[in-house]
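**Student:** Provided below are the primary sequence and the corresponding predicted coordinates.
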Amino acid sequence: MQIVNNMLNTIQKTLLDLRAKVFWPVFLLLVCTILCRFLLGNDFDSRAAFLNNKMLYYFSDGFSLVAFGILVLIIFIFFSPLGKLKIGGEQAKPLLNRWNWFTITLCTTIATGILFWGVSEPLYHLEAAPAYLDIKPGSEESVGFALSILYMHWSFIPYAIYAMPALAFAISYYNDGKVFSISSLFLGIELNPKWKNILDAICLFSLVAGMSASLGSGILVISGGIAQVFDLSSGSLLKFFVMICIVLSFVVSAQTGLLKGIKWLSLVNTYALILLALLILFSQNLFEVCSMSLLGLKEFVTHFFRNAFLGISFQDRTWSNSWTVFYWSNWMAWAPITALFLGKISRGYRVRTFLFFNFILPSCFSMIWMSIFGTASIIQEQNGMGLIEEMHHNGPEGVIFKLLANFPYSIIIVLFFIFIVYISFVTAADSNTEAMSQLSLKPNPKEEISSSNYVKMIWGFLVGFIAFVMIESSGIEGIKILSNLGGLPVLFILSIAGVLLLRRCITSFNRKEQDGIESDN
C-alpha cells in the first residue's frame, strides 16, 4: 500500500510540475493524429500526402537555402574570434571528458539513419540519378554521383544543422544565463512566456515526428533481419514486438540519467559501430574500396554546389524533394531539442572545440562509414549480386541483409548488425527523450540534466506507437511524409536563430565577450 501511495504522490507531483501549455497541446494533437489515422484510414494518408506535396512545392527552396546558409555560418564562426569563447565562462569545468563527449554527441545524432540508408541509398542513385543530369545508370559517372550525393546527405551540412542551434543554446544557457527553452536559441532576445511556450510546443511536436520517422526505419530493419535469420514472417506482430522492445529499452535507460545509462550506451554503441565498419572494410578488396571512395570524394568536392542546389537549379524538383529536401527536413525536425541536450553537455569547452566535436569529427565519421558501406553495396551490385532487385522486391530495409549474406560468417554479422541498429536508436532516443522530458517540465535549478521518469515514459511510448502506425499504414513513404511535416516549422526557427548567432559572431570582431575570449593556450 505504501508503494502505491508513493507512486500516486509522484504522479501527482509530476502533473503539477508539467508546463501545461507546452506538454498538453502537443500530447493531445499527437493522440488525435493517431485516432484520425484509425478512423479515416487511407483518406488520412492521402490528405497527409497532399499536405506534404504542398509543403515541398512552396518550401523546398527554403530548406536548401537555409541548410546551406547554416553550413556557411558554422565555418565562419569556427574561424572568427567567437571561436575562442569558453562555454560557461573561464572557470567552467567540463561535464564530460572529450571521448565521452564525442561518443554521446555521435550516438545522439546518427540514430538509425546511417545504418538504414548507407547501403540502399547509393543503389537508388546508381540506378536513377536526376534525369536532367543525363547520367547513364550503372556507369562510372553514376557511381561517382551516387557516392558524392551520399556524402552530401550525411556529412557536413547535416551536422551543421545540429551544431548551429546547439552552439546558440550553449552560449545562451551558460554564458547569458537563459532558461532551458527553445527560445534560448534566440541570442540577445528575451521572449515573453507565451511565445516561449509556443516555440517549445512546436519543437516538441517536430521532434516526436522526426524520432517516429527514425524509429520506423529501425523497426523495418530489425524486423526484416529477425525474419530472415529465424525464417519468420516480417508481419505486424513482429514489428510491434520490435517497437515495444526498443521503446522499453530507451525509456529504462533514460531513467538512469546522463552519467550512467546514456554515457554507457554511447560508448558501447560507438565501439560496436567501429567494429562492424572494420569487419566490412577488411572483408573487401581494399584497393577497390579506396579507389571508388576517392572517385566519390572527388565528385563531392567538384560538384558540391551543384548537388546542394539541384532543386533550385532545375525546374524538375521531384528528385531533390524525395531525397535532399527529405533529409534536410528530417535533420531540422530533430535539431532544436537535440540542440538543448548537445548544448547542455558542452559546458567547459571553447566554441572552436565544440565545433570540432559536434561538426567536424561526426561528419568525418559519417563519411568514412558511408564510404565503406556505400562502396560495398555498389561493388556487390556490379558483381551481379542483385541488390537493386532485392531493393525493389523487399524494400530498402532488405538490402543490407542481402549484402551481409555475401560476407563470411554472415549469420554472426547479421545478428551483430541487428544489435547495432537496436542500440543505435535506443542511444539516440535516450538523449532526446531526456531533453523532451525536461522541456515539458517547469524549470528546476537544482537539476543538472535529469528530469521526470514518468514524462520520459509518456514521450517514449507515444513515439513508438506513432512509428508503428505510420509504417503499418504507409511504409517508407509514410515515414518520409512524417519527417517532412515535422521539419517545416523548425525551418523558420533555425533561420531566426542563425541570423541572431551571426549577429553575435560579428560583434565578436569588435569587442571581447563578457565571459572572456582568450587564447586557447
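**Tutor:** Yes, it's here. Numbers count the residues shown, from 1 in each chain.
**Student:** any weak-confidence spans in the chain?
**Tutor:** Within the chain, the stretches with pLDDT under 70 are 1-16, 111, 253-260, 313-315, 444-452, 474-486, 511-521.
**Student:** Give me the most central residue, it.
**Tutor:** residue 109 (4.7 Å; CA atoms, centre = their mean).
**Student:** Just give the nearest non-adjacent residue to that residue, would you?
**Tutor:** Counting by CB to CB, 6 or more residues apart in numbering, residue 162 is the residue found nearest to residue 109 once chain neighbours are left out, at 5.6 Å. C-beta: built from backbone N, CA, C; applies to glycine.
**Student:** for whichever strand or helix holds the residue nearest to the centre of the chain, packing partners?
**Tutor:** Under the criterion of DSSP states H and E, residue 109 resides in helix 98-110. Counting contacts by 3 or more CB pairs under 8 Å, 6 or more residues apart in numbering; DSSP states H and E, the secondary-structure elements packed against helix 98-110 are helix 263-281, helix 324-344, helix 361-382, helix 410-439.
**Student:** Redo those as CSV? Include mean neighbour count and distance to residue 74.
**Tutor:** Compiled in CSV, those are given as follows (neighbours: other CB atoms under 10 Å; distance: least, CB to CB, whole Å):
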stretch, mean neighbour count, distance to residue 74
helix 263-281, 18, 23
helix 324-344, 27, 13
helix 361-382, 22, 10
helix 410-439, 23, 21
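**Student:** what's the closest of those helices to residue 98?
**Tutor:** Counting by CB to CB, residue 98 lies closest to helix 361-382 out of the helices and strands packed on helix 98-110; the figure is 9.9 Å.
**Student:** How far away from the center of its chain is the helix or strand that that closest one is followed by?
**Tutor:** On the C-terminal side of helix 361-382, the closest following helix or strand by DSSP H and E is helix 387-394. Going by CA atoms, centre = their mean, to the nearest Å, the spacing between the C-alpha centre of helix 387-394 and its chain's C-alpha centre is 26 Å.
**Student:** next one: stretch 204-223
**Tutor:** Distance, centroid of stretch 204-223 to centroid of chain: 10 Å (CA atoms, centre = their mean).
**Student:** Could I get the buried residue list for it?
**Tutor:** Neighbour-count burial for stretch 204-223, with 16 or more other CB atoms under 10 Å as criterion, is recorded at 204-223.
**Student:** returning to what we had before: what separates the residue nearest to residue 109 from residue 65, distance-wise?
**Tutor:** Counting by CB to CB, to the nearest Å, the separation of residue 162 from residue 65 is 18 Å.
**Student:** These two: which has the busier surroundings?
**Tutor:** A count of neighbours by other CB atoms under 10 Å puts residue 162 above the other of residue 162 and residue 65, at 25 against 16.
**Student:** my guess is the more buried one contacts residue 106, does it?
**Tutor:** No: proximity of residue 162 to residue 106 does not meet the contact threshold set by CB atoms under 8 Å, at 10.8 Å.
**Student:** ok so, going back, so what's the residue nearest to the centre of the chain up against?
**Tutor:** Under the criterion of CB atoms under 8 Å, 6 or more residues apart in numbering, the contact partners of residue 109 comprise 159, 162, 334, 338, 342, 362, 428.
**Student:** Pick the one among the residues you listed closest to residue 22.
**Tutor:** The closest of the contacts of residue 109 to residue 22 turns out to be residue 338 (CB to CB; 17.1 Å).
**Student:** wait, isn't the closest one in contact with residue 431?
**Tutor:** Yes: contact criterion CB under 8 Å: residue 338 and residue 431 qualify, at 7.5 Å.
**Student:** Mind listing the shared neighbours of these two?
**Tutor:** Counting by CB under 8 Å, 6+ apart, the residues touching both residue 338 and residue 431 are residue 108.
**Student:** What is the nearest of the contacts of residue 109 to residue 286?
**Tutor:** Distance to residue 286 across those (CB to CB) is lowest for residue 362, with 24.3 Å.
**Student:** my guess is that closest one meets residue 107, correct?
**Tutor:** No: at 9.8 Å, residue 362 and residue 107 do not qualify as touching, with contact defined as CB under 8 Å.
**Student:** need the contact list for the closest residue to residue 273 other than its chain neighbours.
**Tutor:** Once its chain neighbours are removed from consideration, residue 273 has its nearest residue in residue 420; the separation is 6.4 Å (CB to CB, 6+ apart). Residue 420 sits next to 115, 269, 272, 273, 276 when contact means CB under 8 Å, 6+ apart.
**Student:** Look at residue 248 and say how many residues are nearby.
**Tutor:** Residue 248 has 15 neighbours, counted by other CB under 10 Å.
**Student:** and if you look at residue 101?
**Tutor:** There are 23 residues near residue 101, going by other CB under 10 Å.
**Student:** Quick check: it touching residue 94?
**Tutor:** Yes: in terms of CB under 8 Å, residue 101 counts as a neighbour of residue 94; the distance is 7.5 Å.
**Student:** shared neighbours of those two, which are they?
**Tutor:** Taking CB under 8 Å, 6+ apart as the contact criterion, the residues that touch both residue 101 and residue 94 are residue 349.
**Student:** Quick one: closest of the helices and strands packed on helix 98-110 to residue 75.
**Tutor:** Checking those against residue 75 by CB to CB gives helix 361-382 as the closest, at 11.8 Å.
**Student:** Tell me, how many residues neighbour residue 245?
**Tutor:** Here the count is done by other CB under 10 Å, and residue 245 has 14 residues near it.
**Student:** Ok, the one 5 residues further on next?
**Tutor:** Here the number of neighbours of residue 250 (other CB under 10 Å) works out to 30.
**Student:** I'd like to know which elements the helix or strand containing residue 469 is packed against.
**Tutor:** For residue 469, the element it lies in under DSSP H and E is helix 453-507. Helix 453-507 is packed against helix 2-17, helix 20-40, helix 42-78, helix 156-170, helix 193-230, helix 236-255, helix 324-344, helix 410-439, with contacts defined by 3+ CB pairs under 8 Å, 6+ apart.
**Student:** of all these, which lies closest to residue 123?
**Tutor:** Among those, if distance is taken as CB to CB, the winner is helix 193-230, at 15.3 Å.
**Student:** what's the angle between the closest one and helix 156-170?
**Tutor:** Put simply, helix 193-230 runs at 140 degrees to helix 156-170, going by axes from the mean of the first three to the mean of the last three CA atoms, to 10 degrees.
**Student:** Show me how far helix 193-230 is from its chain's centre.
**Tutor:** Taking CA atoms, centre = their mean, the mean C-alpha location of helix 193-230 is offset from the chain mean by 9 Å.
**Student:** same check, this time on stretch 26-40
**Tutor:** 24 Å.
**Student:** Just the C-alpha atoms of that stretch, please, in PDB.
**Tutor:** What follows is stretch 26-40, C-alpha atoms only, in PDB (Å, rounded to 0.1, in the frame of the first residue of the first chain):
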ATOM      1  CA  VAL A  26       1.400  18.500 -28.200                       C
ATOM      2  CA  PHE A  27       0.400  15.300 -26.500                       C
ATOM      3  CA  LEU A  28      -3.300  15.800 -27.400                       C
ATOM      4  CA  LEU A  29      -2.500  16.800 -31.000                       C
ATOM      5  CA  LEU A  30      -0.400  13.600 -31.500                       C
ATOM      6  CA  VAL A  31      -3.100  11.400 -29.900                       C
ATOM      7  CA  CYS A  32      -5.700  13.000 -32.200                       C
ATOM      8  CA  THR A  33      -3.400  12.300 -35.200                       C
ATOM      9  CA  ILE A  34      -3.300   8.600 -34.300                       C
ATOM     10  CA  LEU A  35      -7.100   8.400 -33.800                       C
ATOM     11  CA  CYS A  36      -7.700  10.200 -37.100                       C
ATOM     12  CA  ARG A  37      -5.400   7.600 -38.800                       C
ATOM     13  CA  PHE A  38      -7.500   4.800 -37.400                       C
ATOM     14  CA  LEU A  39     -10.900   6.500 -38.200                       C
ATOM     15  CA  LEU A  40     -10.100   7.800 -41.700                       C
END
